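>>> Sequence plus predicted model, see below.
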Amino acid sequence: MSKYTHGILPDLVEGAANIFTRGKLVSPKYKRTAFPAWDVKLDDYVLFSNANIIDVDQGRIEECRGILVRNGKIEKMLLQNEVDDARKRYPVKKEVDCHDNYLMPGLSDTHAHISSLIESISFKAIPYLQQQREKNCEVAIQNGTTFIRDVGASETPKMYLRKEIEGTRLIGPTMITSYTAVIPKGGMWDYGKLINKIAEVALFGGKFLYFIKSRNELLERLEHNMAIGAELIKTYQEEKPLYGFKQDTIYKMWSMDDLRTIVEFAKKHQKRIACHAMFIKGARMAIEAGVNSLEHMTVDSEYTLEDAEKMAEKNIAIVPTLGVGLYLAIELGKQGYYNDNDLQYFKEYRKKVAPRFIRDSVVPEFQAAYLNLAKNLDEGYKNNKMPMIGPIWPDRVTGFAHFVRKSFENFRKAGVKVGIGTDGGLGISFTGLLEPELHLSNYLGYSVQEILRMATLGNMEICGLEKERGSITTGKVADLLLLRSNPLDSLDNVRTIEKVFKDGRLYYQNALSGK
């Protein structure tokens, strides 16, 4: 049985795909990146010296010039004269001389699907699904993302990846996860038993959503997720399709009583709720019920100032996943909001960056599928229909870019907490590759300093982990990025990564940086 699938059928499909494609029964193993040498035990002292330390909360460089790390945490912040003293007072096992480069907290991705992949693949590509899943983990670290909030998909592949990462056999970020999300029967992505089963078997490695028929089943599924270690709850409150189905299709959404049941369950178990809502009706119901975060942007209306003020009053965050806007900015000719300036910008930016992202983030056997997807987004689909999915509804898919700016303006006015998340694993977004999220947040009005805080300490506030992570502070986890250039000057400088540390250990080193 595969480590990435659950059940006989997925194993049979994977085996058949391997025999058909490779003449072998099992999938090829991924050649994992080796961990950098690190001859330091967990309880040894590591000294970081000669660093320009970034205070992401205040948007400035700290007066301190060094930190002392032990047991994966920052034990002490050091002024320059204290750095000299620390070398004498503590049994320092290793010193990391930062050479006046810039030390900032590791980035975080607060909306990811680390075990998920592009939806449109061929039967021949199935043997390489697990390779791409493992590469997803490495890509996150290589882009400076040391922590992710994974918001749903099948349990088995996610559990396996998590176990491998935690056992330091696979390079990847620290993860919290909802495991499999809950959604009403007849809700979003419910294509019926046959197609749902095909998706489970051929793509997701098991149940990708729990389609719930009753309140008792809802509570049973939520209890199941808690029992296997879920740290949050993921649900959907979606009214209409963006593509596929019929234009007048109305998905079944949770009733207010159902939503309140989920909120009460979450409070009882001290968990947070991430709610997918891309149409304003569902978003407003979720706000009224009191979820903790709304995921993605709405496509049929902006969030009004009144909506934003209610969110701020209830401390409800938004994770806009702006990379989804790149995916939805499909070329549709003179349909939808085709003459919208922001829509045009999303299209041009996607054309500029997508080939590089695919080249750097995708295993060779999948690259053709990803490049073909990007090509279709750029040039348009024949008859405005996605293969195997169905018709595209222009006003809806182009509405993301059309309404996002006004929503952002209202979030700012009301003081709504805005997170940074990629939706990575789906479409042309990649887990932990935050570059488009940072860039587009800046394009839509947030400053460099604000965005750096959003991608670190702000994300941890959304996760309820701000006391443990998200800034270079005594007592916090030592997830650190060493950059050649000052990230406070330009978001492009976040890409100048020399080294990535997770839990105080070296996880990635730029091949040109030396030791």
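Looks like it came in fine.
>>> Give me the residue at the spatial middle of the protein.
With distances taken as Cα atoms, centre = their mean, residue 112 lies nearest the centre of the chain, 2.5 Å away.
>>> count of residues packed around the spatially closest residue to residue 321 that is not a sequence neighbour?
If you skip the residues right next to it in sequence, residue 321 has residue 423 as its closest partner in space, 4.3 Å away by Cβ to Cβ, 6 or more residues apart in numbering. Quick note: C-beta positions are derived from backbone N, CA and C, even for glycine. Residues within reach of residue 423, counting by other Cβ atoms under 10 Å, total 27.
>>> pretty sure residue 423 is in contact with residue 430, am I right?
No. With contacts defined as Cβ atoms under 8 Å, residue 423 does not count as touching residue 430, sitting 9.6 Å away.
>>> that older thread, can you pull the contacts of the residue nearest to residue 321?
Taking Cβ atoms under 8 Å, 6 or more residues apart in numbering, we find residue 423 in contact with 111-113, 296, 321, 323-324, 429.
>>> Apply 6 Å and report the result again.
For residue 423, the contacting residues are 111, 321, 323-324, 429, taking Cβ atoms under 6 Å, 6 or more residues apart in numbering as the criterion.
>>> mind putting the residues you listed in TSV, neighbour count included?
Output for the contacts of residue 423, formatted as TSV (neighbours: other Cβ atoms under 10 Å):
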residue	neighbour count
111	31
321	30
323	28
324	24
429	27
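>>> Out of those residues, list just those in helices.
323-324 (DSSP state H).
>>> Check which helix or strand the residue lying farthest from the centre of the chain maps to.
When distances to the mean C-alpha position of the chain are computed (Cα atoms, centre = their mean), the maximum falls on residue 88, with 42.2 Å. Assigning secondary structure by DSSP states H and E places residue 88 in helix 80-89.
>>> which residues does the residue farthest from the centre of the chain contact?
Contacts of residue 88 were listed using Cβ under 6 Å, 6+ apart, and none were found.
>>> Same check on residue 111?
So residue 111 contacts 151, 295, 319, 321, 421, 423 (Cβ under 6 Å, 6+ apart).
>>> Ramachandran angles for the spatially closest residue to it that is not a sequence neighbour?
If the residues on either side of it in the chain are set aside, residue 111 comes closest to residue 421, at 2.7 Å by Cβ to Cβ, 6+ apart. When quoted as degrees, to the nearest 10, the phi and psi of residue 421 stand at phi -150, psi 150.
>>> Residue 468 versus residue 421, what's the distance?
Applying Cβ to Cβ, to the nearest Å, one obtains 19 Å for the distance of residue 421 from residue 468.
>>> So for these two, which residue has more residues nearby?
Using other Cβ under 10 Å as the criterion, residue 421 and residue 468 rank with residue 421 on top: 31 against 13.
>>> In the protein, spot the helix with the most residues.
Of all the segments assigned as helix in the chain under DSSP H, the longest by residue count is helix 341-361.
>>> which helices and strands does that helix pack with?
The helices and strands touching helix 341-361, judged by 3 or more Cβ pairs under 6 Å, 6 or more residues apart in numbering; DSSP states H and E, are helix 322-328, helix 364-379, helix 399-414.
>>> Packed most tightly, which of those would that be?
Mean neighbour count, computed with mean count of other Cβ atoms under 10 Å, is highest for helix 322-328 among these, reaching a mean of 26.
>>> May I have the host helix or strand of residue 306 as PDB, with CA atoms only?
The secondary structure element spanning residue 306 is helix 305-313 (assigned by DSSP H and E). Once side chains and other backbone atoms are set aside, the C-alpha atoms of helix 305-313 remain, and they are given as PDB (Å, rounded to 0.1, in the frame of the first residue of the first chain):
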ATOM      1  CA  LEU A 305     -16.900  49.200   4.900                       C
ATOM      2  CA  GLU A 306     -19.800  47.900   7.100                       C
ATOM      3  CA  ASP A 307     -18.600  44.300   6.400                       C
ATOM      4  CA  ALA A 308     -15.100  45.200   7.300                       C
ATOM      5  CA  GLU A 309     -16.100  47.000  10.500                       C
ATOM      6  CA  LYS A 310     -18.100  43.900  11.600                       C
ATOM      7  CA  MET A 311     -15.000  41.800  10.900                       C
ATOM      8  CA  ALA A 312     -12.800  44.100  12.900                       C
ATOM      9  CA  GLU A 313     -15.200  44.200  15.800                       C
END
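>>> Retrieve the pLDDT associated with residue 220.
With respect to pLDDT, residue 220 has a value of 98.
>>> Then residue 27?
For residue 27, the model assigns a pLDDT of 85.
>>> Tell me if it really is in a helix.
No. In this structure, residue 27 is coil, not part of a helix, as judged by DSSP: H, G, I helix; E, B strand; the rest coil.
>>> how many neighbours does the residue nearest to it when sequence neighbours are not counted have?
Closest residue to residue 27 apart from its sequence neighbours, by Cβ to Cβ, 6+ apart: residue 127 at 4.5 Å. Burial of residue 127, expressed as a neighbour count using other Cβ under 10 Å, amounts to 22.
>>> now residue 127: how far from residue 156?
Shown here: residue 127 relative to residue 156, a distance of 17 Å by Cβ to Cβ.
>>> cool, and residue 231?
Counting by Cβ to Cβ, the gap from residue 231 to residue 156 is 18 Å.
>>> Go ahead and report the secondary structure state at the closest residue to residue 457 other than its chain neighbours.
Closest residue in space to residue 457, ignoring its immediate chain neighbours: residue 470 at 3.8 Å, by Cβ to Cβ, 6+ apart. Reduced to three states with three-state DSSP, the structure at residue 470 is coil.
>>> tell me the contacts of residue 470?
The neighbours of residue 470, taking Cβ under 6 Å, 6+ apart as the test, are 105, 456-457, 460.
>>> From what I see, residue 336 and residue 395 are in contact.
Yes. With contacts defined as Cβ atoms under 6 Å, residue 336 counts as touching residue 395 at a distance of 5.0 Å.
>>> How about the contacts made by residue 137?
Counting by Cβ under 6 Å, 6+ apart, residue 137 touches 161, 170, 172.
>>> So residue 231 and residue 156 - more neighbours on which side?
A direct count of neighbours by other Cβ under 10 Å for residue 231 and residue 156 places residue 156 higher, at 22 against 18.
>>> and the next element down the chain from the strand or helix carrying that one?
In this structure, residue 156 sits in helix 155-166 according to DSSP H and E. Next helix or strand after helix 155-166 toward the C-terminus (DSSP H and E): strand 174-177.
>>> Mind checking what helix or strand follows that next one in sequence?
Remark: after strand 174-177, the chain's next helix or strand is strand 181-184, criterion DSSP H and E.
>>> Output the contacting helices and strands for the very next helix or strand once past that following strand.
If you walk from strand 181-184 toward the C-terminus, the next helix or strand you reach (DSSP H and E) is helix 193-199. In terms of contacts (3+ Cβ pairs under 6 Å, 6+ apart), helix 193-199 is not packed against any helix or strand.
>>> Return the residues in contact with residue 114.
Each residue near residue 114 by Cβ under 6 Å, 6+ apart is listed here: 136, 150, 431.
>>> Skip the chain neighbours and tell me the closest residue to the second one.
Looking back up the chat, that one is residue 150. residue 177 (3.9 Å).
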